[in-house]
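Enquirer: Build me a model:
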Amino acid sequence: MGSKRKRAANQATGDNQPSEKRSKKDSAATSGSTKAKTAKALDKSLFTEHPTVDERRRELTLYDLLGSEDVSERIDAADAIISGLLGGDGVPEPVLLRHLEKRLLRGLASGRNASRLGFSLVLTEILGQLFGEKDLAGSKYTGLTFESVLKILIEKTHTGGSVPGQQEREHCFGQLFGIECFVRAGILFTDKTRWFSVLDVLLKLSEKKSWLKSQCGYIIVQAIAFMKRRTAEKTLAKLAEEGVAKTPEGVGIWIAALDRFPDMQVPSQPWRNPLAATSLTSLPAVLKDSGREATTEQNGTKKQKQGNWTAQLHFVWDQILAHFIKLGAEDDANAGEQFTQFWDHVVDEGFFSYSSSDSQKFSGFMIFQKMLEAAPSCPYILESLFSKNMMLCLMNQASQEDRYLHRAALKALKAIETSVEKEPSFLPVILRQMISKHGMYNFDQRTSTKTIDKLLQNTTPSTIKPVLKLLKMKDPFKSGLDDTKYFQSLGNYLFRLASVPSEANEGEASSKSVPGSAIKALTELAYSNKSVPESIKEALRAKSTSAFAKLVRRPEDFGHLCNAILSIESDIDEADETAASILEQAYDRLKELLDPDHDTEATRAPRQALALLHAVAILQFYNEDPDVMDLFDELEECYNKLGGDSLQDGEGIAEYLVEILLAMVARPSSLMRQVSQQVFEAFTGLMTAEALKLLTDPLVADESAKGQQALFSTEDEDMQDADGGDDDDDDEDAAHKSDEEELDSDVEIVDLEDAGSDHQDDGSDDEEEEEVEDKDQEALDALDTALADVLQSHRLDKDVDAVSDDGSDMSDSEMMAVDAKLSEIFKLRAKTTSKKKEKKDAKDTVVNFKHRVLDLLSIFVKKEAAASNPLAFDALLPLLQLIRNTTTKAVANKACEIVLNFSKALKKARSSHVDAPEMDSDVLTALLQELHDEAARDPSHAFTKAVSTASLAVASVLCGKKDDDDKTQDVFLLYARTQLRWYQGEVKIQPAFFADWLNWCQSHASTAAAQEQK
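Expert: As a prediction, the model looks like this:
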């Protein structure tokens, strides 16, 4: 017998061993097939009284599936078990009793997978059929009375003697689940004694295990839905006697009962309605779980044991929330006032008071989040949530990371952001609470978060007006800040609003647009508001300029920017009549350009672009730009040239615009860069060969101080010295001029014909850098020598040659002399270092300028190549020469990318059969020859890729002329001659140049063959 049991145990152990490891794909397939087979294989026939081995195996399989974590498997198994027990005429009573006693009720105490859920499902259905409408217990299974089944449940889930804590816990949960099955089956109220028998079990269980109190209370709340009024009254009376009323569970039960039976008779003690105004004084202590464990009787009633604090919110708050939602749905006029009283007395003063513990404040934050999530279905509670103590606790805990509830406060702030994101209409209400009333105007600075910034991102055209009204306080003193901090915060908020994307249906009305209204308010604040302190006006104007730069990126916001400029009302020096007159004329031109009655389909985009330039010029005028008058003159000239009804009247306008735009991109300003790109995109169709040459000329400038001097008319002596060599008479302040000052200086585009166009000394930069390094080393050696002479010391590597001193100290006069000599030495060193920095700064200035020019060329190439404009081909050679000559990899990469985009745009235009102007074949052939000559000047891979792409683009146009076979032959002959020169060693070209050509030919040959077959 022992050996058999051992073998059986070993076999069972072997069955529990993990299966062979499989791949996810195989596992998924196996799992799916198993489910399919299981669904088909489940036998729903009745269970027998004396099961065979196969029948026992079937039972084992079904109950095993009943505990599966897969919902569908549990449901299928439950269906099969219920059918096997009660299907047809049903099984005999002993069989049903065996399954209830040995399987279902006993299995509730199992913690395996989802056993309790599956067993509860079957048990609820069986109890419903036994003691419900079918009353099988009264007709067929007479031995299975309600009392006997409840007794079996208690016996099978009872723990006697000394058992492990986990086992005791499992049995307690099993009993709880079993009682819940009785309640959900709806069988407890056909006979009054049934419910009170179950209630006694629940009360004993909650008294025995305080950590089950909330679960037991929730089952009672579920039972109230099945009760009649009289039963509910008796239930509350019994609970009051047991001391349950003044517990969180009791509050939830009382609220559920009163919501179901508003006119029911409730015990007068300890309260009739826990949410009534008279009960609010004692309710906070109950809901905070402030009582201690005790079993002594007080005033004739038992005081319940209190469970330990848990991070999970008690179910009573669901009942409270449901109660107020019901009041709101009934349009109760006092609902808002009732909730405010409840929140202030119970939550604000109970959970967020100064004396509240950290655990209570944590619970308070969870309550706040729960109520906030329910606000869409109960809007009247929203304003009351942001109470005094809650806001103070929220700001304190969110402000510092080392606070105990810092993460809880951040979650609460995140919940606020989420609620506004889901319901943007809540923004004005929440914003008013957070920046005024119990909050702070500079809430983000106070809490070190970006909550207000994120909330403002959800502003809509329907809420922008009340939001601006809240932000722009009539009396800044009410913000609690001084004028400087108030206007700084206001500027930050308006800047954030100006960044909100425009909605598609906003149209052109700035009054209905979020960014339009915000940028107008920000502009008025920075330029027109006389209450703003002078100390922050410059910062506000800089912020306004940044906001304009963001708006310019979005073409749909063009009108908002111009309207904001038109709204500026700033004082002008009346003595300067010329400036006032020019500004007035600029305003008149801007208004005329914005007038849609003067627009045509062809002139609309150029006129809007010119209006944008006028708006920026007016902004520069108010920013006191010294060269703005010259800009107004140039814009007037452009305006006059564009004054006609057709673009042909604007001859020569492109050259003016290119010069203006190059001057703008030379400035280190995001606004200028964005505006220049937007304006240039509108005028690419008006570009001429002369204008394109003006645009590409800066690309040939040396990336050095010489190139900078050629590009910009700099009268700075320091720059001249950097080009001409060392000059000991330089002013020391000029030598230390900062990068920011140089970049902010006004620049003028000059003739670049002689600006290093030949590039005869391509390696001069490297040689110059090496020479500078040598000179730096020499300077360091000279510095060491000078210091050694003055200090009478030596370097560590010259200990051998050093002569030790006699150790005597220097006198004061000698120390003063040494100090003077050291000062002189370090001045000379600083001057030498500044020369190297100036050269580096000069190179950076030229490189940055080339980047901006390439941005404009990229726009031109993409747009005009897509339109098959012959002028776009003129940009290829300057780009290739830049790739070959530049010493900056980023510039070369950007130029290479433009060439590739040119090829893509041209190919797309040809495939879409865009109507394009006729191209001169001879000009293209000459261009192709120049491209092949360029290919031989640099054998690098990157340059070869770019020049090959350009060559194939030109070749595709020439070969695409169906009526000109001679040009196709010229293309093939040109490639053949270049390849022959390469073969003979006359030129050095990467093989990829010819490989690309052969691949292109093969592709065309395949296409031609396919068309021939058709």
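Enquirer: CA only for contacts and neighbour counts going forward, please
Expert: Noted.
Enquirer: Only the buried residues of stretch 992-1005, if you could.
Expert: Across stretch 992-1005, burial judged by 16 or more other Cα atoms under 10 Å covers Phe993, Phe994, Trp997.
Enquirer: count of neighbours near the closest residue to the last one other than its chain neighbours?
Expert: Yep, that's Trp997 we're talking about. Spatial nearest neighbour of Trp997, excluding adjacent residues (Cα to Cα, 6 or more residues apart in numbering): Leu952 at 7.1 Å. When neighbours are counted by other Cα atoms under 10 Å, Leu952 registers 19.
Enquirer: okay if I get the buried residues of stretch 992-1005 as CSV plus pLDDT, distance to Phe196 and secondary structure?
Expert: What follows is the buried residues of stretch 992-1005, written out as CSV (pLDDT from 0 to 100; distance: Cα to Cα, whole Å; DSSP: H, G, I helix; E, B strand; the rest coil):
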residue, pLDDT, distance to Phe196, secondary structure
Phe993, 91, 94, helix
Phe994, 91, 96, helix
Trp997, 92, 94, helix
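Enquirer: So Ser676 sits against Val665, correct?
Expert: Yes. Checked against Cα atoms under 8 Å, the pair Ser676 and Val665 is within contact range at 6.8 Å.
Enquirer: What's the local residue count around the closest residue to Leu871 other than its chain neighbours?
Expert: Distance criterion Cα to Cα, 6+ apart; nearest residue to Leu871, sequence neighbours excluded, is Ala689 at 6.8 Å. Counted with other Cα under 10 Å, the neighbours of Ala689 add up to 14.
Enquirer: how much space between Ala689 and Pro606?
Expert: Ala689 is 19 Å from Pro606, where distance means Cα to Cα, to the nearest Å.
Enquirer: do Lys485 as well
Expert: Look at Lys485 and Pro606: by Cα to Cα, they are 42 Å apart.
Enquirer: ok, these two, which is more surrounded?
Expert: Shown here are Lys485 and Pro606; by other Cα under 10 Å, Pro606 has more neighbours (22 against 16).
Enquirer: Next, the contact list for Phe477, please.
Expert: Asp483 (Cα atoms under 8 Å, 6 or more residues apart in numbering).
Enquirer: hang on, it is in a strand, isn't it?
Expert: No. Phe477 is assigned helix when assessed by DSSP: H, G, I helix; E, B strand; the rest coil, not a strand.
Enquirer: The stretch 51-200 of the chain: helices as residue ranges?
Expert: Along the stretch 51-200 of the chain, the stretches classed as helices by DSSP state H, counting those that start in this stretch are 53-66, 71-86, 93-98, 105-107, 115-131, 136-139, 146-156, 165-184, 192-208.
Enquirer: Which one of those helices lies nearest to Ile989?
Expert: Of all those, it is helix 71-86 that lies closest to Ile989, at 69.2 Å by Cα to Cα.
Enquirer: from the middle of its chain, how far away would the closest one be?
Expert: Averaged C-alpha coordinates place helix 71-86 at 47 Å from its chain's average position (Cα atoms, centre = their mean, to the nearest Å).
Enquirer: pLDDT (mean, whole number) over stretch 484-500?
Expert: Average pLDDT, stretch 484-500: 91.
Enquirer: next one: stretch 70-82
Expert: Across stretch 70-82, pLDDT averages out at 89.
Enquirer: Please spell out which residues along it are buried.
Expert: In stretch 70-82, counting by 16+ other Cα under 10 Å, buried: Glu73, Arg74, Ile75, Asp76, Ala77, Ala78, Asp79, Ala80, Ile81, Ile82.
Enquirer: Which two of these have the greatest separation?
Expert: Farthest pair in these (Cα to Cα) is Glu73 and Ile82. Separation: 14.2 Å.
Enquirer: In the stretch 501-650 of the chain, where is pLDDT below threshold?
Expert: Counting by pLDDT under 70, the stretch 501-650 of the chain contains low-confidence ranges at 503-512, 573-576, 643-650.
Enquirer: try it again with 90
Expert: Residue ranges of the stretch 501-650 of the chain with pLDDT under 90: 501-517, 526-538, 541-542, 544-650.
Enquirer: Of the buried residues of stretch 992-1005, which is the nearest to Leu86?
Expert: Trp997 (82.6 Å).
Enquirer: I'd like the distance between the closest one and Ala976.
Expert: Note on Trp997: its distance to Ala976, by Cα to Cα, is 11 Å.
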